[in-house]
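Participant: Generate a structure from the sequence data that follows.
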Amino acid sequence: METATNKMLPLISAAALLSKINAPELVIVDAQSGKDAFERYAAQHIKGALHVDLDNDLAQKPLNAANGGRHPLPALQQFAKLLGTLGITPASYVVVYDDKSGSNAAARFWWMLRAVGHTTIQVLDGGLKAAIEAGVPITNEITETVTVADYPVNDWQLPTVDLDEVTNATHDAGFLIIDVREAYRYLGESEPIDLIAGHIPNAVNVPYLENLSPDGKFLPAEKLQAIYKSVIGDHDPNKVIVHCGSGVTGCHTLLALEQAGISGANLYVGSWSEWSRNDLPVANEKD
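Facilitator: Down below sits the predicted model:
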């Protein structure tokens, strides 16, 4: 799907994918994640899809989550090698999906590929469930990889911020920090993953699940635009910082912003998992 300016939007419907399923330049990536992710991929995936693992492929193992969070970005050359292993070249058209409505590793992979300069990538709206419902070919046959040269990369090209920049932003009204975690985590009612409950001071909460319709697909672009224009207000998108628990579901909201025509927001990769481990101020519902 493309706009009038020929800029590829981040989402593709299952019906549109079905119409392109035999395109020679198409590379399909399965990003199911979590416990037994590869086994679930092996049992059921889109025909021809190659699997990537969130923890092993889309992040590096953190030596200390206080320095970069639970899912820091992998080394640039490591990611370049992964793309080559997947057969992805600058000429490839990539579609990525997961089994969580794009809220987990699919959005992260989309952001990472965009961040190395690859623009012809889309996330399957509704994920594996939508593909099955639309009659996209599904199989349990493991796809053999056709490795090509490492993808040519220079740096991460999409905007990110580090811990010091977020700390400064909490004292600068020109910045807007959006926390996309569920409301109970933002409010500090409980924290199921990280060590401390609460949120970064002056952050606003827009849970990533609010990007979705009840059927698990993203809201229409005009509704996403209305939501985020209301939240962002007069802030420059380049001074918007998006974070989650560890820099993964934050990419879901960055995708939603892009779908809504709002570009330039920053990803705080370390997110709450880094902030909460550095003896920094914590806000909660009592504030």
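
Participant: what lines up beside whichever strand or helix holds residue 242 in the sheet?
Facilitator: Assigned by DSSP states H and E, residue 242 falls within strand 240-243. Counting by DSSP bridges, the strands paired with strand 240-243 are strand 176-179 (parallel), strand 266-268 (parallel).

Participant: do you know which of these lies nearest residue 60?
Facilitator: Taking Cβ to Cβ, strand 266-268 is the member of those nearest to residue 60, at 15.9 Å. For glycine as for every other residue, the C-beta is placed from the backbone atoms N, C-alpha and C.

Participant: ok now that closest one, how far from the chain's centre?
Facilitator: The gap between where strand 266-268 is centred and where its chain is centred comes out at 11 Å by Cα atoms, centre = their mean, to the nearest Å.

Participant: can you check stretch 133-141 too?
Facilitator: 24 Å.

Participant: Show me which residues of that stretch are buried.
Facilitator: residue 136 (16 or more other Cβ atoms under 10 Å).

Participant: Give me the mean pLDDT for that stretch.
Facilitator: With pLDDT averaged residue by residue, stretch 133-141 scores 97.

Participant: for stretch 94-112, same thing?
Facilitator: 94.

Participant: Same question for stretch 190-199.
Facilitator: Here the average pLDDT along stretch 190-199 is 94.

Participant: And the contacts of the strand holding residue 242?
Facilitator: By Cβ atoms under 8 Å, 6 or more residues apart in numbering, the list of residues contacting strand 240-243 from outside reads 161, 165-166, 169, 175-180, 200, 203, 232, 250, 253-254, 257, 264-268, 270-272, 275.

Participant: Of those residues, grab the buried ones for PyMOL.
Facilitator: A single PyMOL command selects the buried members of those (16+ other Cβ under 10 Å):
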select buried, resi 161+166+169+175+176+177+178+179+180+200+203+232+250+253+254+257+265+266+267+268+270+271+272+275
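
Participant: residues making contact with the helix or strand where residue 81 lies?
Facilitator: Secondary structure from DSSP H and E places residue 81 in helix 76-85. By Cβ under 8 Å, 6+ apart, the surrounding residues in contact with helix 76-85 are 52, 57, 60, 73-74, 112-113, 116, 145, 147-153, 155-156.

Participant: Just the helices from this protein, written as ranges.
Facilitator: In the chain, the helices defined using DSSP state H lie at 14-19, 37-43, 54-57, 76-85, 105-115, 127-134, 163-169, 183-186, 221-232, 250-259, 271-275.

Participant: can you list the ones you listed in JSON lines and add distance to residue 30?
Facilitator: Converted to JSON lines, these look like this (distance: least, Cβ to Cβ, whole Å):
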{"stretch": "helix 14-19", "distance to residue 30": "13"}
{"stretch": "helix 37-43", "distance to residue 30": "5"}
{"stretch": "helix 54-57", "distance to residue 30": "11"}
{"stretch": "helix 76-85", "distance to residue 30": "14"}
{"stretch": "helix 105-115", "distance to residue 30": "9"}
{"stretch": "helix 127-134", "distance to residue 30": "8"}
{"stretch": "helix 163-169", "distance to residue 30": "32"}
{"stretch": "helix 183-186", "distance to residue 30": "28"}
{"stretch": "helix 221-232", "distance to residue 30": "25"}
{"stretch": "helix 250-259", "distance to residue 30": "17"}
{"stretch": "helix 271-275", "distance to residue 30": "25"}
